[in-house]
Structure formats: structure tokens, C-alpha cells
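Colleague: Sequence plus predicted model, see below.
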Amino acid sequence: MKVLLVYPAYPDTFWSFKHALKIIFKRATHPPLGLLTVASLLPKEWSLKLVDLNIEKLKEEDIKKVDYILLSGMSVQRESAEEVIALSKKYGKKIIAGGPLFTTFWKDFIDKVDYVVLNEAEITLPKFLEDFKAGKAQKIYTSSELADLTKSPAPSYHLINFSHYTSMCIQYSRGCPFNCEFCDVTNLFGHQVRTKTTQQILTELENLYNLGWRGSVFFVDDNFIGGKRKIKEDLLPAIIKWQESHNYPFYFYTQVSINLADDKELMQMMVKAGFVSVFIGIETPNEDSLKEANKVQNRNRDLIENIHKIQREGLEVMGGFIVGFDNDPPDIFQRLIHFVKESRIIVAMVGLLNAPPGTKLYQRLLSEGRIRPTFKGNNTDFETNIVPKMDYHHLIDGYKKIIKELYNTLSYYRRISSFLDYFNPKGRFKIDRQFVRIHKTYLLGIPNIIWKFGFLEKRRGDFWKLFFKTLFKKPKALFTVLGQIVSGYHIRKIHNRIFDNS
Ligand code: B12
Ligand code: SF4
């Protein structure tokens, strides 16, 4: 059996980082970990090829040669997924579809693909394969049971070409103990935090290492600190030991909840293990909106001080923010701008409140007649599927104001500079020289960043000020700062395009 695993292309969005990737000679930020895991669940005798459309085009010869297409994707990749389906049909190839897009919107695809194998493949795919072998495969496979991750196979990393990606992905846990109204993570992966074993993670790190990867690794967990005790007692000590014995080939980033700030020991262990940054859903500085969103973990705390605490321990904080809550007051935009500047968060992903189907927010707004049919799955493109309480035009104007204020070059560089004043990368590991040597990003990317922002772009003087400040005062933060400069450039480009079209 010859199989083609296809990952659809992202549109040009905040998270695509397309404009930044060009500068550092890369094609995508992350490989499709879902498909790499699915690949490991398929019969060993099948011949597999993976095509990530963010890296390369789907060639007609590739389709012609295979028996089946396995298609994955998120909601934002719908357009590209539809194109893959059309092309596969043109050559009479059968499609097996799975992953978040199809799990959420299977009804839209049931007549377009041959099989939908939904939810977690560890549960549904073996059942499908068994029936398939017996010649009695059904149209749809779904399950409310959640997978035991200790039985999830190591991803087939060998199917991808590392040199095109900025970061690899690894997953320790699924699920989140919290219950934020707008989030579909718990709907897809449950409340109970399920984890792989420490040994599985060490094997996966070892696999990446043996295949030659060096540099950034994203722990894609919904909330890496969802089960604190296990990571403090077991996982982190093992990663620290592994990193030391391998001369720190990797640095990590992940997603956590704000209560990380309450645990100094945990922050220090994460830094020692090689974590350099964390993404936190801050959402809003407005207490009533946090209450409305059931964001209990963010309530009744000094969020700015908490963020500073994490930064002082040596972790950069990226923040997710949302405007458009029912309880947002008219001055929310100004308050949010002030908050981001005070917190010294450089990359702040500010989005409009959207209600993904399946969330509690979706149910509530549906019953209030406030759901619109347009859900694209991307909350940073000035579109929303909800009817906000606030006047829609006031919301969009306010949102644009935030973006303009936070992402103009001067204000962005100033935020990096003030972040540097307080950021303490002392506890950070010494970077292994091999990874600088091996990684194209550093060999070619850094000179290109310096050339572009120091000689070609606007605000060159500000770039050099920032560059030398980092070099002399916080040299360990140099990669972070250069990375942020490139990210800011991408975000500006994305927003300019959206402003031009609106
Ligand atoms: C890493 C990640 C990213 C990364 C990289 C994505 C990548 N290349 O894989 C980045 C940061 C780029 C990203 C961005 C976004 N993401 Co994201 N992301 C994740 C995250 C945290 C982990 C994904 C992952 O690797 N999981 C581990 C693998 C093993 O799980 P999996 O992919 O789900 O695959 C399993 C099953 O789905 C299934 N499966 C998957 N594919 C297939 C295919 C077949 C044929 C079969 C049978 C089964 C199958 O089997 C796998 C094993 O169980 C998930 C949350 C999560 N817990 O999964 C969100 C998630 C996928 N992202 C989501 C969203 C909304 C986004 C953004 C739109 C956010 C935004 N507001 O802009 C952007 C869009 C990207 C873009 N460029 O525009 C949603 C998708 C919801 C949906 N229904 O589509 C999720 C589920 C989080 C959430 N609930 O909000 N994301
Ligand atoms: S903490 Fe994050 S992952 Fe957990 S429910 Fe809230 S938004 Fe979702």
C-alpha cells in the first residue's frame, strides 16, 4: 500500500510567520506533529511519503503514484484542504481525513472524502485499519474515549526534511484542567491532563538528536504545567540530565497558564532544562471579562507583576489577548495597550473574540442568537463569528488602534528594549556551539537579519541601538532579540495587508 500524508497550507496569518521565515531562509515554523504520529500508527509494511504544503507544492506525480491520501489540518487550512481533495478526486484517489479541522467540521466533508477518522488517531485509527484490512471499513470513525498517551508511538520524524523548519515539535501531555469559555482544547482533548512517560519523551528527544536536529523544540502541550507534580519530580529532572549529557543541543518553548508565576522552583527548573520562552493566555486586563470567560486562573492576581516574575527568572513571555468580551468597557483598547507596554510582552497576539463550534461560548451565543455563520478559525484577521455587545465598528476601530500602537516599529523596538532592562537570562544554559554551526538559521539568517534591519529597513538607528545594547548588556538574549525583531516585521506586514484590504 502506497500512502501520501498531506498537510495543507496555511493562509498568510499571524502564526504563519511567512514574512519572517524568508529572512532566515526557512519555509515553515513547525512540522505537522499530528501526521507524524499518524504515520507511526500505520502498518510498517506500508510505504509512506509526507508532503507539507507549507514546504513544497503537491505534485500530480505524487498523487498518481499512491493508493490513498491521508489528509490532516486545522480549521484555518480549510481552503488548501479543499484543493487537495479536488486534486485527489481528479486522479480518482481515495482520501482518509482526520485532525482538528475534520473532527470539528466533519459534516462539511462527509460527502467529499472517503473516510473520516476523527478525534485522536491512537483510538480511532487502529479500529479503521482493522476494518479496512477486512474490507469492511465504514465511512466515519469517532470516539469519546481519550487516548492513553503512554501508548502513543514516537512521531516518525524521519519523514520530514528538518532544514526547512525553524522548530521541531514534541508533545508530553494533552488536555487542560481549566475551563475557559471560548476555548475548544478541553472539548477536543478533555480536562484530565494525560501524559506520556518521561522515558517516551527522552526517546523522542534522542530520536530528534540522532536525526541531526539542533536548536528550537516546541512542547506543544495545551498547558505544560497542567500536571505540575509530575513534571517537577520526574520529567524536568530527566530533561536537565539529558540536556547536560548531550551538551544542551535543544532549547524549548511551550504554553503554560499564569500560575507558573506562583512556583519559583518550577520556573528555575524549566530554565535549567533549556526552556527560553512561554506562551500564556492573558486574555484581558479587565476583571469582569475574565470572570465572563471563566478564566479563573487569571483572576484576582496582579497579572503584570506575575509576568515580570516569570521574565526575571529568565523566561520570555509571549501573550495571547482578546477583545470583544461582553464585559469589555469602551476604554478596553487603551487599557490593553497600556497593559502590554507595562508587562514588557514583546509578542502579544491580540485577537477578536471568536466562538469555535463546540465551545461553551458558542452554545451560549447561539442561544442568544449571536452567532454568525462565518467561522474561519483565525482570530487575528479582523473577523469574528460572534455578534458583539459593543458596537461592531467601535470594536474594529479599537482593535486596529491596538495593532497600530503595539506594532509600529518604534513602539515595538522600545518594548524589546524595556524587556531587556528587566529580563534576566542568567540561569540560561550555554548554547552548544554545534547547533550554531549546524543550523542554517544562525549561519545565514543572522547576517541577513542584520543586513535587512541595520541597512535596508526604516528605523535603522533604533535597530543598531538595540543590537549593541543586547550585545553588551545581555548577550545571552541576542537570539531572542533578533528573533523578536523578525517576528515583529512579519506581524507588521500581516497587519498592513489586512489594513489595506479593509
Ligand atoms: C502546535 C500547534 C500550533 C503550531 C503549529 C501547527 C503545526 N504545524 O502542527 C502553530 C503555533 C503554528 C499553531 C497555530 C495556530 N493554531 Co494551533 N495548535 C497547536 C497545538 C498546540 C498542538 C498541535 C499538535 O501538534 N498536537 C499534537 C498532535 C499529535 O495532535 P493533533 O495534531 O491533534 O493530531 C492528532 C489527531 O488530531 C489526529 N490526526 C491529526 N491529523 C490526522 C490525520 C489523519 C488522516 C488521521 C486519521 C488523524 C489525524 O491524530 C493525531 C494523534 O492523536 C494544538 C492543540 C493540540 N493540543 O493539539 C493547537 C490547535 C491545533 N491550533 C489551533 C488554532 C486555532 C491555531 C491558530 C488558528 C491560532 C490563531 N488564533 O491564529 C493558528 C493557525 C495557524 C496559522 N498558521 O495560521 C486549534 C485548531 C482548532 C481547529 N478545530 O482547527 C488547536 C486544536 C488549539 C485550539 N483548540 O485552539 N498551532
Ligand atoms: S487555560 Fe488555555 S488551554 Fe486551558 S482551557 Fe483555558 S485557554 Fe484553553
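Modeller: Yes, it's here. Ligands and ions are numbered 1, 2, ... in the order given.

Colleague: for residue 276, what are its contacts?
Modeller: 251-253, 314-316, 428, 480 (C-beta atoms under 8 Å, 6 or more residues apart in numbering). In this view, the C-beta of every residue, glycine as well, is placed from N, C-alpha and C.

Colleague: let's see 7 Å
Modeller: 251-253, 315-316, 428, 480 (C-beta atoms under 7 Å, 6 or more residues apart in numbering).

Colleague: SS state for it?
Modeller: Secondary structure of residue 276, reduced to three states by DSSP: H, G, I helix; E, B strand; the rest coil: strand.

Colleague: ok, whatever residue of the stretch 1-150 of the chain ends up closest to ligand 2 - contacts?
Modeller: Residue nearest to ligand 2 within the stretch 1-150 of the chain (C-beta to the nearest ligand atom): residue 100, separated by 13.6 Å. Residues near residue 100 by C-beta under 7 Å, 6+ apart: 74-75, 188.

Colleague: what sits against the residue nearest to residue 420 when sequence neighbours are not counted?
Modeller: Nearest in space to residue 420, with sequence neighbours left out and distances taken as C-beta to C-beta, 6 or more residues apart in numbering, is residue 474 at 5.5 Å. Neighbouring residues of residue 474 by C-beta under 7 Å, 6+ apart: 420, 423, 425.

Colleague: Scan these and report the most crowded one.
Modeller: If you count neighbours using other C-beta atoms under 10 Å, the busiest of the contacts of residue 474 is residue 423, which has 25 neighbours.

Colleague: what's near enough to touch the nearest residue to that residue once chain neighbours are set aside?
Modeller: Distance criterion C-beta to C-beta, 6+ apart; nearest residue to residue 423, sequence neighbours excluded, is residue 311 at 5.2 Å. Listed by C-beta under 7 Å, 6+ apart, the contact set of residue 311 reads 317, 344, 422-423.

Colleague: what about the helix or strand containing residue 305, average pLDDT?
Modeller: Using DSSP states H and E, residue 305 sits within helix 303-312. The average pLDDT within helix 303-312 is 96.

Colleague: List the buried residues for it?
Modeller: Neighbour-count burial for helix 303-312 flags 303-304, 306-311 (criterion: 16 or more other C-beta atoms under 10 Å).

Colleague: hmm, back to that, for the contacts of residue 276, which one is nearest residue 325?
Modeller: The closest of the contacts of residue 276 to residue 325 turns out to be residue 316 (C-beta to C-beta; 26.5 Å).

Colleague: residues contacting the nearest residue to the closest one once chain neighbours are set aside?
Modeller: Excluding its sequence neighbours, the residue lying closest to residue 316 (C-beta to C-beta, 6+ apart) is residue 277, at 3.8 Å. Counting by C-beta under 7 Å, 6+ apart, residue 277 touches 253, 315-316, 318.

Colleague: Just the buried ones among these, please.
Modeller: For the contacts of residue 277, buried by 16+ other C-beta under 10 Å: 253, 315-316, 318.

Colleague: if we take the contacts of residue 474, which one ends up nearest to ligand 2?
Modeller: Among the contacts of residue 474, and counting by C-beta to the nearest ligand atom, the member closest to ligand 2 is residue 423, at 24.0 Å.

Colleague: any idea of the pLDDT on that closest one?
Modeller: For residue 423, the model assigns a pLDDT of 83.

Colleague: Please apply the same query to residue 434.
Modeller: 56.

Colleague: ditto for the one 3 residues further on
Modeller: Confidence at residue 437, expressed as pLDDT, is 53.

Colleague: next one: residue 440
Modeller: Residue 440 is given a pLDDT of 58.

Colleague: let's have the chain start at 30 instead
Modeller: That works, and once the first residue is 30, the last one we named lands at residue 469.

Colleague: returning to that earlier point: what is the nearest of the contacts of residue 129 to residue 483?
Modeller: residue 103 (36.0 Å).

Colleague: what's near enough to touch the closest one?
Modeller: Contacts of residue 103 by C-beta under 7 Å, 6+ apart are 129-130, 406.

Colleague: what's the distance between the residue of the stretch 30-179 of the chain closest to ligand 2 and residue 63?
Modeller: 8 Å (C-beta to C-beta, to the nearest Å).

Colleague: same question, residue 525
Modeller: 32 Å.

Colleague: Give me the more crowded residue out of these two.
Modeller: For residue 525 versus residue 63, neighbours defined as other C-beta under 10 Å are more numerous around residue 63 (22 against 13).

Colleague: List the buried residues of whichever strand or helix holds the more buried one.
Modeller: Counting by DSSP H and E, the element that carries residue 63 is helix 62-70. Using 16+ other C-beta under 10 Å as the test for burial, helix 62-70 gives 62-69.

Colleague: From these, pick the one nearest residue 89.
Modeller: For these, the nearest to residue 89 is residue 64 (20.5 Å; C-beta to C-beta).

Colleague: show me the contacts for the closest one.
Modeller: By C-beta under 7 Å, 6+ apart, the neighbours of residue 64 are 34, 36, 79, 101.

Colleague: Need the max-distance pair from those residues.
Modeller: Maximum distance among the contacts of residue 64 (C-beta to C-beta): 9.9 Å, for 79 and 101.

Colleague: More neighbours: which of those two?
Modeller: residue 101 (26 against 23).

Colleague: isn't that one right next to residue 125, touching?
Modeller: No. Between residue 101 and residue 125 there is no contact under C-beta atoms under 7 Å: 10.0 Å.

Colleague: who touches both of those two?
Modeller: In contact with both residue 101 and residue 125: no residue, using C-beta under 7 Å, 6+ apart.

Colleague: and residue 225, what does it touch?
Modeller: 178-179, 181, 201.

Colleague: Most neighbours among those, which one is it?
Modeller: residue 201 (25 neighbours).

Colleague: Quick check, pLDDT for that residue.
Modeller: Residue 201 is given a pLDDT of 98.

Colleague: Can you name the residues of the stretch 130-279 of the chain sitting close to ligand 2?
Modeller: Within the stretch 130-279 of the chain, the positions near ligand 2 by C-beta under 6 Å from any ligand atom are 205, 207-209, 212, 214-215, 251-252.

Colleague: doesn't residue 303 make contact with residue 280?
Modeller: Yes. Between residue 280 and residue 303 there is a contact at 4.9 Å, judged by C-beta under 7 Å.

Colleague: Make sure I have this right: residue 378 is in a helix.
Modeller: No. Going by three-state DSSP, the assignment for residue 378 is strand, not a helix.

Colleague: list the contacts for it?
Modeller: Counting by C-beta under 7 Å, 6+ apart, residue 378 has contacts 43, 349-350, 409.

Colleague: Filter these down to just the buried residues.
Modeller: 43, 349-350, 409.
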